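Trainee: When you get a sec, could you give me coordinates for this:
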Amino acid sequence: MYKNLAATLVAACFFSPAFSQSPAPAPLKIGFVYVAPVTEAGWVRQHDEARKAVEAALGSQVQTTHVDNVAEGADAERVIRDLASQGHRLIFTPSFGYMEPTLKVAKDFPDVKFESITGYKTAPNVAVANARYYEGRYLAGIAAGRLAGSAGYVAGFAIPEVIQGINAFTLGMRSVNPQATVKVVWLGAWFDPPREREAAMALFNQGVEVIAFHTGSTAVMSAAQERGKLAIAYHSDMRKVAPDAQLLAITHQWGDYYTGRAKAVLDGRWKSAALWGGVKEGMIRVDSFGPKVPKQVADEVLARQRDIAAGRLHPFKARGALLDNEGREVLAAGRALSDEQILNMNFLVQGVQGKLNP
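Mentor: Got it, this is the predicted structure:
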């Protein structure tokens with residue numbers, strides 16, 4: 001009797017669902033902090049699309065949370081700290097002004113992995129990543145130079161990333177239209193739609209034919225649509241708000257990077273690193289040409305995009321001497337700026353009308 005009872009208990013232990021199925025591991029909680037609201041297009045939209053791409057790729061292995069419209073500085077530190085305290089093991093902070101708050105919180109949460117997007121300072125649990133936005137800017141400049149002789153540029157802050165874009169756009173224009181000029185207006189803000197619109201209108205009133213911008217909303221595109229002008233969409237395809245005005249879009253693609261980093265945490269392979277990817281890596285793409293762009297211009301831009309991907313074209317390689325907009329030589333003919341020089345760029349090239357500290 002006892003022998004049979006023991007056999008029954010052993011069988012129950014082996015075949016009962018409670019013993020035969022181990023519980024599913026808890027999902028990896030991933031936090032995202034956004035510097036502006038999630039709108040239909042723009043910087044934050046592209047990062048939120050990447051968040052969704054992580055969910056689509058990894059399914060029940062992950063659980064994501066995002067907090068939007070978080071000001072850089074003390075507010076960012078509070079939100080990042082809250083996410084870490086709530087059990088998020090991977091936190092993405094995609095704004096330059098989040099770098100220092102991210103580093104500060106990371107010291108107190110050594111088991112949490114942080115991704116400082118557009119930052120440049122790393123730590124054992126803080127990686128950095130950025131994209132070579134300037135490659136897309138150069139390509140957009142080629143298209144603008146084929147269709148116009150003057151351009152405007154609405155810019156957020158005079159940090160190297162923005163300066164690179166202004167200079168590359170100008171060099172792209174002047175590669176096909178040597179007398180082209182670019183007039184810059186500084187906003188001192190990343191996301192301020194009324195002021196973005198006002199700056200665009202002021203530039204159009206000064207006679208610019210096409211406009212580019214480095215801010216976070218679609219306001220500049222809407223202004224171009226209203227005025228019957230051309231504009232370069234940034235971050236996202238913005239034909240929905242500017243179907244006639246959009247010349248092309250410089251789009252940022254973060255989904256593969258974010259998914260790869262999440263997989264690395266799940267697999268125990270995550271390491272602090274620094275990535276600066278561009279057209280070659282699929283992080284920057286020029287596409288979504290508008291109806292006013294002739295096919296031969298679109299074809300030319302796409303051909304130059306392939307050249308950048310293959311390493312045949314470097315936007316900051318001087319054909320003649322590279323001069324700043326005060327006439328000083330920055331780079332000798334035939335030389336190319338190094339990554340370090342590009343990352344620390346603090347001058348405006350010849351053809352740009354404006355100053356770094358207006």
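
Trainee: number of nearby residues for Gly334?
Mentor: Using other Cβ atoms under 10 Å, Gly334 has 10 other residues around it. Where C-beta positions appear, they are placed from N, C-alpha and C, glycine not excepted.

Trainee: Might one say that it is in contact with Ala318?
Mentor: Yes: under the contact definition of Cβ atoms under 8 Å, Gly334 touches Ala318, with a separation of 6.6 Å.

Trainee: So Val128, which state does it fall into?
Mentor: In terms of secondary structure, Val128 is strand; the call rests on DSSP: H, G, I helix; E, B strand; the rest coil.

Trainee: What's the local residue count around it?
Mentor: Burial of Val128 is recorded as 21 neighbouring residues (other Cβ under 10 Å).

Trainee: all helices of this protein, in order?
Mentor: Under the criterion DSSP state H, the chain carries helices at the ranges 2-15, 17-20, 43-58, 74-85, 99-108, 133-147, 160-176, 193-205, 219-227, 255-267, 295-309, 339-343.

Trainee: now the ones you listed in JSON lines, with distance to Ile91?
Mentor: Compiled in JSON lines, those are given as follows (distance: least, Cβ to Cβ, whole Å):
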{"stretch": "helix 2-15", "distance to Ile91": "42"}
{"stretch": "helix 17-20", "distance to Ile91": "35"}
{"stretch": "helix 43-58", "distance to Ile91": "12"}
{"stretch": "helix 74-85", "distance to Ile91": "5"}
{"stretch": "helix 99-108", "distance to Ile91": "8"}
{"stretch": "helix 133-147", "distance to Ile91": "23"}
{"stretch": "helix 160-176", "distance to Ile91": "21"}
{"stretch": "helix 193-205", "distance to Ile91": "28"}
{"stretch": "helix 219-227", "distance to Ile91": "29"}
{"stretch": "helix 255-267", "distance to Ile91": "11"}
{"stretch": "helix 295-309", "distance to Ile91": "31"}
{"stretch": "helix 339-343", "distance to Ile91": "24"}
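
Trainee: Go through these and pick out the most buried.
Mentor: Using mean count of other Cβ atoms under 10 Å, the stretch among those with the largest mean neighbour count is helix 133-147, at a mean of 27.

Trainee: Output that helix in CSV with nothing but the alpha carbons.
Mentor: What follows is helix 133-147, C-alpha atoms only, in CSV (Å, rounded to 0.1, in the frame of the first residue of the first chain):
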residue,chain,number,x,y,z
TYR,A,133,22.7,63.5,-39.3
TYR,A,134,25.1,65.7,-41.3
GLU,A,135,25.2,63.0,-44.1
GLY,A,136,21.5,63.5,-44.7
ARG,A,137,21.9,67.3,-44.5
TYR,A,138,24.5,67.2,-47.2
LEU,A,139,22.2,65.2,-49.5
ALA,A,140,19.3,67.6,-48.8
GLY,A,141,21.6,70.5,-49.7
ILE,A,142,22.2,69.0,-53.1
ALA,A,143,18.5,68.9,-53.8
ALA,A,144,18.0,72.4,-52.4
GLY,A,145,20.9,73.7,-54.5
ARG,A,146,19.4,72.3,-57.7
LEU,A,147,16.1,74.1,-57.0
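
Trainee: how far is that helix from where the chain is centred?
Mentor: How far helix 133-147 lies from its chain's middle: 17 Å, per Cα atoms, centre = their mean, to the nearest Å.

Trainee: can you tell which of the helices of the chain is closest to Ala123?
Mentor: Closest approach to Ala123 among these is made by helix 99-108 (5.5 Å; Cβ to Cβ).

Trainee: Can you tell me how far the residue nearest in space to the middle of the chain is from Ala189?
Mentor: In the chain, the C-alpha nearest the mean C-alpha coordinate belongs to His252, at 5.2 Å (Cα atoms, centre = their mean). His252 sits 19 Å away from Ala189 when distances are taken as Cβ to Cβ, to the nearest Å.

Trainee: And for Leu139?
Mentor: When distance is defined by Cβ to Cβ, Leu139 is 26 Å away from Ala189.

Trainee: One more: Gly42?
Mentor: Look at Gly42 and Ala189: by Cβ to Cβ, they are 13 Å apart.

Trainee: got it, and Ser95?
Mentor: When Cβ to Cβ is applied, the distance between Ser95 and Ala189 equals 12 Å.

Trainee: Looking at these two, which is more packed in?
Mentor: Legend: neighbour count by other Cβ under 10 Å for Ser95 and Ala189, higher for Ser95 (25 against 14).

Trainee: Surely that one touches Glu72?
Mentor: Yes: contact between Ser95 and Glu72 holds when scored by Cβ under 8 Å: they sit 6.1 Å apart.
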